[in-house]
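> Mind looking at a prediction? Sequence and model below.
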Amino acid sequence: MKTDFEKDLEIKEAYNAMLDDCYPDVKIGYATFTASEILFNCDPVMYHEGLLDYQDALAEEISDDFPLSLEYDEG
């Protein structure tokens with residue numbers, strides 16, 4: 001079973017990958033920066049809000065795939 005830290009790291013890595021897939025790299029001189037690096041360093045509040053939204057969307061996606069049944073089955 002994964003720890004909360006490992007789960008959080010996986011979500012952050014997936015969020016970064018999603019950002020980097022959606023937006024092109026930015027080249028300034030000889031340096032190249034990914035969208036996730038830019039957002040994280042230039043606007044950490046917006047990065048964190050986006051990460052939370054991404055995490056909520058993943059949780060919603062999972063709950064849609066595996067809905068909870070609140071009915072008791074006496075079987």
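Nice, thanks for sending it over. Numbers count the residues shown, from 1 in each chain.
> now the helices: where do they sit in this structure?
4-22, 35-42, 44-65 (DSSP state H).
> Nearest to I28, out of those?
Comparison of those against I28 by CB to CB identifies helix 35-42 as nearest, at 10.1 Å. (C-beta placed from N, C-alpha, C; glycine too.)
> Next up, the contacts around S36.
Contacts of S36 were listed using CB atoms under 8 Å, 6 or more residues apart in numbering, and they are 15-17, 19-20, 47.
> Could you turn the buried ones of these into a PyMOL selection?
Provided next is the PyMOL selection string for whichever of the contacts of S36 are buried by 16 or more other CB atoms under 10 Å:
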select buried, resi 15+16+19+47
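> and the residue nearest to the spatial centre of the chain, what is it in contact with?
Taking CA atoms, centre = their mean, the centroid of the chain lies closest to Y15, which sits 3.2 Å from it. Residues near Y15 by CB under 8 Å, 6+ apart: 36, 50-51, 54-55.
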